[in-house]
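> Predicted structure and sequence below. I'll ask about it afterward.
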Amino acid sequence: MNNQVVIGENCTLRHSTTIGNKQSKEGGFTASPVIGNNVDIGSNVCIIGNILIGDNAMIGCGAVVVKNVPSDSVAVGNPTVIKLKDQDKYQYTYE
């Protein structure tokens with residue numbers, strides 16, 4: 001984790017979690033992740049780049065998060081699949 005990461009209140013981060021920026025093709029660095037309040041992050045998760053994780057989100061073990069995660073959602077897998085907690089539909093974040 002670098003000194004530009006923002007982590008909200010009451011968050012849980014489990015072991016072997018990587019949170020930080022990445023180097024761009026031009027040689028500079030991206031912004032760092034902003035993690036909301038009450039976020040639960042499983043073990044072996046990577047959250048890299050200019051990412052916003054909303055309040056009350058859950059990130060499953062081993063997820064690779066390279067896109068924003070909305071509030072009140074669950075994100076799992078590589079590539080990350082996002083499910084809003086109160087809906088039955090999934091959003092696939094890969095292109």
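Great, that's in hand.

> Figure out the length between the terminal residues of stretch 40-54.
11 Å (Cα to Cα, to the nearest Å).

> Any buried residues in it, and which?
Across stretch 40-54, burial judged by 16 or more other Cβ atoms under 10 Å covers I41, G42, V45, C46, I47, I48, G49, I51, L52, I53, G54. To be clear about C-beta, it is placed using only N, CA and C from the backbone, and glycine gets the same treatment.

> Likewise for stretch 73-89?
Neighbour counts over stretch 73-89 (16+ other Cβ under 10 Å) mark S73, V74, A75, V76, T80, V81, I82 as buried.

> now swap in stretch 28-36 and tell me
Buried residues in stretch 28-36 (16+ other Cβ under 10 Å): S32, P33, V34, I35, G36.

> Of those, which is the nearest to I7?
Set against I7, the nearest of the buried residues of stretch 28-36 by Cβ to Cβ is I35 (4.7 Å).

> Would you enumerate the residues in contact with that closest one?
Taking Cβ atoms under 8 Å, 6 or more residues apart in numbering, we find I35 in contact with V5, V6, I7, G8, C11, I19, I41, I47, I53.

> I'd like the distance between it and G28.
For I35, the distance to G28 (Cβ to Cβ, to the nearest Å) stands at 22 Å.

> what's the answer for G42, then?
In this structure, G42 lies at 30 Å from G28, with Cβ to Cβ as the measure.

> could the buried residues of stretch 40-54 be laid out in TSV, adding pLDDT, distance to V66 and secondary structure?
TSV is the format used below for the buried residues of stretch 40-54 (pLDDT from 0 to 100; distance: Cβ to Cβ, whole Å; DSSP: H, G, I helix; E, B strand; the rest coil):
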residue	pLDDT	distance to V66	secondary structure
I41	97	15	strand
G42	96	16	coil
V45	97	12	coil
C46	95	8	strand
I47	95	8	strand
I48	91	6	strand
G49	92	6	coil
I51	94	7	coil
L52	96	12	strand
I53	96	12	strand
G54	96	16	coil
